[in-house]
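In: Build me a structure from this.
(4 chains)
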Number of protein chains: 2
Amino acid sequence: MPERVDHEERRRQIAEALLRIADTDGLQSASMRAVAAEAGVSLRLVQYYFTTKQALLLDALARLGGQLQARMDAWIRAAGTPPTPRSIVTAILSCVLPTDAESRRITRTYAAYYTLVLSDPEVLAQHGTAQPDLLEGFLAKQLRAAQEAGRISPRRDPAIAAAGLLAMVNGLGSSVLGGQRTGEQALAILDRHLDELFDTV
Amino acid sequence: MPERVDHEERRRQIAEALLRIADTDGLQSASMRAVAAEAGVSLRLVQYYFTTKQALLLDALARLGGQLQARMDAWIRAAGTPPTPRSIVTAILSCVLPTDAESRRITRTYAAYYTLVLSDPEVLAQHGTAQPDLLEGFLAKQLRAAQEAGRISPRRDPAIAAAGLLAMVNGLGSSVLGGQRTGEQALAILDRHLDELFDTV
DNA sequence: ATCCTCATGATACATGTGTATCACAGGCAT
DNA sequence: ATGCCTGTGATACACATGTATCATGAGGAT
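Out: Here you go, the predicted structure:
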């Protein structure tokens, strides 16, 4: 029954199956057949909608990026009323920290991609990544605004502080995924660091 | 010629071949055959000295830990004369940051193991890990000492500061490996953060 | 000298992998 | 109505992988 079908919808369905596997069992378990089974379709269909595995991996990665973006937008919008500079910054950072189920999923899945990118950097080239740099720039802008509002000491360099913050959040995320810490503990550590940053004394 | 042979030496030779592959091509490329070829021995020998692949992976991981440990010891010993609290802390942190060839190698290889551990946590159980926690404790001790010497504000909590520092270094390391930053830039960011920490004003 | 155990080689086996091919059914345009 | 294009199934292929088996040569111990 070759009913004309919604390609985008099928692609989404398959790519999300891949992401689910990457989250639970890691990317090395995400074979074409496993993805097909998880998505409830035949192997042939996975091949049909994504001719090659690399294409599937890249498409799924892009979708993952979209999911993170959406989540960040939502958290920033919900950053208190009215939003203070610090509440915005906290929103940005705490939604890349694996605290709840979804952020845990996103973080784990990104981690699964991490080594892939490390061992095969040309993948990163094909993917229009730059996402971390964009995020860093956005965070730096927020810090600069907070600085101009007098909430951060003028001695600080916003770009450097943003880079350090993001690195810390990334590292805290790793430790949470590694089971050394709970998400709450990580958030507490982050908060103490923000105390130090947002301190004009 | 079954000359009685030094088992430990052979094991080291093979395990280091595995680590070399993990560094350059990632752990997923470290098949038994690839390791054998890299070590210049036959597949059978890899099986002989490490009956199973998991055993090889674990042994190599332990050796990697030893290498990092040795490097840290050396850097701490070489932390200026006389060592200030800050120089010790800098030594600890900057030797887990991929700045030179060897630390880059160690960091990359650890990263290769990272997702493996994530997707298969029982490996971590078999490995007497705890290494990050030990490191964190040691760092916290140094910070506490610096605090008592009046080089760090008494308002700081050394344990939390240590956790944050280590997370930041970890995150900075990731960004260096990911090519977003050079090792020098990462070190500069870390240094600014240490400026902030070692500031009793 | 005999035997046993250590070290090593060659090769086999079962399985999983990405990809390719063949087939075919139903809708759409002519 | 005919023929082409789209969606889908079944299956094949070539290869890589971890592990197991068989074989064998060389010391050392008895």
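
In: Now stretch A:63-71: buried residues?
Out: Across stretch A:63-71, burial judged by 16 or more other C-beta atoms under 10 Å in any protein chain shown covers A:Arg63, A:Leu64, A:Gly65, A:Gln67, A:Leu68. No exception for glycine: its C-beta is placed from N, CA and C like everyone else's.

In: wait, does it contact chain B?
Out: No: if you take C-beta under 8 Å from any C-beta of the partner chain as the test, stretch A:63-71 misses chain B, and the best it gets is 14.6 Å.

In: Check the offset of that stretch from the chain's centre.
Out: The chain centroid and the centroid of stretch A:63-71 are separated by 7 Å under C-alpha atoms, centre = their mean, to the nearest Å.

In: Helices - which of the buried residues of stretch A:63-71 land there?
Out: A:Arg63, A:Leu64, A:Gly65, A:Gln67, A:Leu68 (DSSP state H).

In: residues contacting the closest residue in space to the last one that isn't next to it in sequence?
Out: The reference is to A:Leu68. Nearest non-adjacent residue to A:Leu68, counting by C-beta to C-beta, 6 or more residues apart in numbering or on different chains: A:Ile106, 5.4 Å away. Residues near A:Ile106 by C-beta atoms under 8 Å, 6 or more residues apart in numbering or on different chains: A:Leu64, A:Gln67, A:Leu68, A:Arg71, A:Val96, A:Pro98.

In: how about the helix or strand hosting A:Ile106: buried residues?
Out: A:Ile106 belongs to helix A:101-119 when elements are defined using DSSP states H and E. Neighbour counts over helix A:101-119 (16+ other C-beta under 10 Å) mark A:103-119 as buried.

In: Please look at A:Gln54 and A:Asp120 and confirm they touch.
Out: No: taking C-beta atoms under 8 Å as the definition, A:Gln54 is not a contact partner of A:Asp120, at 9.3 Å.

In: Which one's more surrounded, those two?
Out: Shown here are A:Gln54 and A:Asp120; by other C-beta atoms under 10 Å in any protein chain shown, A:Asp120 has more neighbours (16 against 13).

In: Near DNA strand C, list only the ones from the buried residues of helix A:101-119.
Out: Among the buried residues of helix A:101-119, none lies close to DNA strand C by the criterion of C-beta under 7 Å from any atom of the strand.

In: residue ranges with poor pLDDT in chain A?
Out: Applying pLDDT under 70 to chain A flags residues A:1-3, A:124, A:126, A:128-130, A:201.

In: Point to the residue nearest the middle of chain A.
Out: With distances taken as C-alpha atoms, centre = their mean, A:Leu68 lies nearest the centre of chain A, 4.7 Å away.

In: follow-up on the earlier one: distance to DNA strand C added to the buried residues of stretch A:63-71, as TSV?
Out: Listed next are those as TSV, based on distance: C-beta to the nearest atom of the strand, whole Å:
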residue	distance to DNA strand C
A:Arg63	18
A:Leu64	18
A:Gly65	21
A:Gln67	22
A:Leu68	24
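
In: still on that earlier bit, tell me the contacts of the residue nearest to the centre of chain A?
Out: Counted by C-beta under 8 Å, 6+ apart, A:Leu68 has contacts A:Val96, A:Ile106, A:Tyr110, A:Gln131.
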